[in-house]
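Model the following, please.
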Amino acid sequence: MSTNTVLIIGGTGKVGRQLTRHLAATNIPTFQSSRSGAATTEPNAANVKPIAFDWNDESTWEAALSSGATSIFLVGPPVLDMLPPVQSFVDRARKGSAKRFILLSGSPWAADINGPSTGRVHAYLKQLGDQGEIEWAALRPTWFQREYLWWLCRSSIERRVADVHPENLFEYENHRLSIVNESTIYSATGTGKIPWITTEDVAACALQLLTQPDAPNDEYLLFGPELLSYDDIADILTDVTGRKIVHKNLSAKELADRFENAGMPRGYAELMGAMDTDIKNGSENRNNSVVLALTGRQPRSFRDVAEEVKNAWATTEA
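Reported below is the predicted structural model:
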């Protein structure tokens, strides 16, 4: 497939903005969506244009559907059952110019039409692909390194808060404030290990799958280079910041309560607690070489990224 135009749904999210940066270095016409549609994160790239898109407002969909995009990067809405809106959008898009859909899913969510979260969307795209209706891929990255790193800069939060879904903002702010104000990471993962991955590496894989000639038509579990527990993360952050950072283990209910008290909807908060419990039980204790196979380079380490943004750790609340 020769990619003519790329549409990034969730364009100002963690992976979306990194994917936009990669595409800005090409001559591929790109539309970067956000709820406001006011500007792109790559203002100097002539090939990148802003476009308004809100999953909760179907009146905003038409601009995306009429953009002429042949390949679409999909980040679903932060709801427990995202299939209905995503299916509606995909069905409308594939009747037009869109032929390839790359879904950002997650390592916990296998394709399951009766399952939770992105697993249902994954199963639907696979079904369409098996029928020859579309080209597709599901990216299933493990937990992002920048979940704790990217949001430490207060100015970054203020600059982009209008384009961040509230559920994600609650999660990131809760982590950020606990590290900055309490020197503490809270989780319900126990000593469970995670092959942390950078958003840049996920975006590089997405770029490859959006633009390669051959239809990917597969799922891709994306892992970083090493297995680290939250205790390990706390030790690395202690080295980088020069101050003691500790990991406090909570029960799944205690973690859900903490997120809910920060403003996260209860159902979403309970899902986060359940996912941490899965990690505690070893669900993410695995690794592979998919990032290397797709991008031609090894994924970055957590320490490397933490060192890169270490100045952000000096941020304190006013």
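
Now do the residue nearest to Glu42 when sequence neighbours are not counted against Arg92, distance only.
Nearest-residue entry for Glu42: Ala24, 4.0 Å, with adjacent residues in sequence omitted and distances by Cβ to Cβ, 6 or more residues apart in numbering. Heads up, the C-betas are built off the backbone N, CA and C, glycines and all. Using Cβ to Cβ, to the nearest Å, Ala24 is found at 27 Å from Arg92.

picking up where we left off before, what's near enough to touch the residue nearest to Glu42?
When the contact criterion is Cβ atoms under 8 Å, 6 or more residues apart in numbering, the partners of Ala24 are 30, 42, 44-45, 47-48.

And the pLDDT for it?
As summarised for this prediction, Ala24 has a pLDDT of 98.

which phi and psi does it have?
Main-chain dihedrals, Ala24, degrees, to the nearest 10: phi -60, psi -20.

Now do the buried residues in the helix or strand Glu219 falls within.
When elements are assigned from DSSP states H and E, Glu219 belongs to strand 218-222. By neighbour count on 16 or more other Cβ atoms under 10 Å, the buried set for strand 218-222 is 219-222.

which of those lies closest to Ala234?
For Ala234, the nearest member of these is Leu222. The distance, counting by Cβ to Cβ, is 23.9 Å.

what's the nearest residue to that closest one if we skip its chain neighbours?
Pro141 (4.0 Å).

And for Tyr230?
Sequence neighbours aside, His247 is the residue nearest to Tyr230 in space, at 4.2 Å (criterion: Cβ to Cβ, 6+ apart).

And Cys205, by the same measure?
Using Cβ to Cβ, 6+ apart and skipping residues adjacent in sequence, the residue nearest Cys205 is Leu294, 4.6 Å away.

related to what we said a few turns ago, so of the buried residues of strand 218-222, which two are at opposite extremes in space?
The most widely separated members of the buried residues of strand 218-222, counting by Cβ to Cβ, are Glu219 and Leu222 (10.0 Å).

Overlap of the contact sets of those two?
Joint contacts of Glu219 and Leu222 (Cβ under 8 Å, 6+ apart) are 139-140.

in the one helix or strand Glu62 maps to, what's buried?
If you go by DSSP H and E, Glu62 is part of helix 61-65. By neighbour count on 16+ other Cβ under 10 Å, the buried set for helix 61-65 is 61, 64-65.

ok, the contacts of Ala24 vs Ser229, which is closest?
Sorting the contacts of Ala24 by distance to Ser229 puts Glu42 at the head of the list, at 35.6 Å, by Cβ to Cβ.

Is the closest one in a helix, a strand, or coil?
Recorded secondary structure, Glu42: coil (DSSP: H, G, I helix; E, B strand; the rest coil).

any chance you could map the helices in the protein?
Using DSSP state H, the helices found in the chain span residues 14-24, 61-65, 83-94, 118-130, 146-149, 154-160, 166-182, 199-211, 230-241, 252-261, 266-280, 290-295, 302-308.

got the ones you listed as JSON lines, with distance to Asp54 columns?
What follows is these, written out as JSON lines (distance: least, Cβ to Cβ, whole Å):
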{"stretch": "helix 14-24", "distance to Asp54": "14"}
{"stretch": "helix 61-65", "distance to Asp54": "8"}
{"stretch": "helix 83-94", "distance to Asp54": "10"}
{"stretch": "helix 118-130", "distance to Asp54": "18"}
{"stretch": "helix 146-149", "distance to Asp54": "24"}
{"stretch": "helix 154-160", "distance to Asp54": "15"}
{"stretch": "helix 166-182", "distance to Asp54": "13"}
{"stretch": "helix 199-211", "distance to Asp54": "21"}
{"stretch": "helix 230-241", "distance to Asp54": "34"}
{"stretch": "helix 252-261", "distance to Asp54": "23"}
{"stretch": "helix 266-280", "distance to Asp54": "18"}
{"stretch": "helix 290-295", "distance to Asp54": "31"}
{"stretch": "helix 302-308", "distance to Asp54": "30"}
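
Considering these, which stretch scores lowest in mean pLDDT?
Set side by side, the helices of the chain show their lowest mean pLDDT on helix 154-160, which sits at a mean of 36.

how about Lys248, what does it touch?
Under the criterion of Cβ under 8 Å, 6+ apart, the contact list for Lys248 reads 184-187.

Mind checking which of the residues you listed are buried?
The neighbour count (16+ other Cβ under 10 Å) marks 185-187 as buried among these.

quick check, nearest of these to Arg120?
Proximity of the buried ones among the contacts of Lys248 to Arg120 (Cβ to Cβ) peaks at Ser187, which lies at 26.5 Å.

roughly how far apart are the closest residue to the closest one other than its chain neighbours and Ile236?
Leaving aside its chain neighbours, Ser187 sits nearest to Tyr230 (4.9 Å; criterion: Cβ to Cβ, 6+ apart). As judged by Cβ to Cβ, Tyr230 and Ile236 stand 10 Å apart.

Please consider this matter closed, and thank you.
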